[in-house]
Every structure is written in structure tokens, then in C-alpha cells.
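Q: Task: produce atomic coordinates for the following.
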Amino acid sequence: MGCACTQVDKGTVEHRLMPPNLVTAQLAEYPVLLYSSTQSVDSQTAKDLLKRYWIPFEYFEVDRMSER
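A: Below is the predicted model of the structure:
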């Protein structure tokens, strides 16, 4: 089951479980998924590495995802 992590306040991270059927559908469509944050340096580094090695991927910015 996937986990979307968002920054709630400085030093605190909130974890919201994503529905397993949503994660399964995303994996069926995209072989490489990256759940990232727009403010995370590590997320940007991961995206840059995937691009550098021409690895096709899709990413989802968890801090921009709306609650459903």
C-alpha cells in the first residue's frame, strides 16, 4: 500500500495511506513511479537522475495532491 507523506509543520510529517487500488492502477500505467514533494531536494535529485539515465517515469507531487 502506498503512503503519501506531507509536511504539516516544521519537523512534523503527516502520513496518509493511499488506496491500494489507486497505487495498483498507477503502477500498471507507469513502470516507475516517484511520489515526491515540490520542496524536497532529494525528490529533485531522484528526478534528475532518472532523466539523466533516460529512465521513463511518472511523478506525483504529494504536496499538490488533493484529498479525496
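Q: Against which helices or strands is the helix or strand residue 49 falls within packed?
A: Counting by DSSP states H and E, the element that carries residue 49 is helix 41-52. Packing contacts for helix 41-52, counted by 3 or more Cβ pairs under 8 Å, 6 or more residues apart in numbering; DSSP states H and E, involve strand 33-36. Just so you know, the C-beta spots here come from the backbone N, C-alpha and C atoms, and that holds for glycine as well.
Q: and the strand it packs on, which residues are buried?
A: Buried residues in strand 33-36, counted by 16 or more other Cβ atoms under 10 Å: 35-36.
Q: Also stretch 43-57?
A: With burial defined by 16+ other Cβ under 10 Å, the residues of stretch 43-57 counted as buried are residue 43.
Q: And stretch 56-63, by the same measure?
A: Within stretch 56-63, the residues scored as buried using 16+ other Cβ under 10 Å are residue 62.
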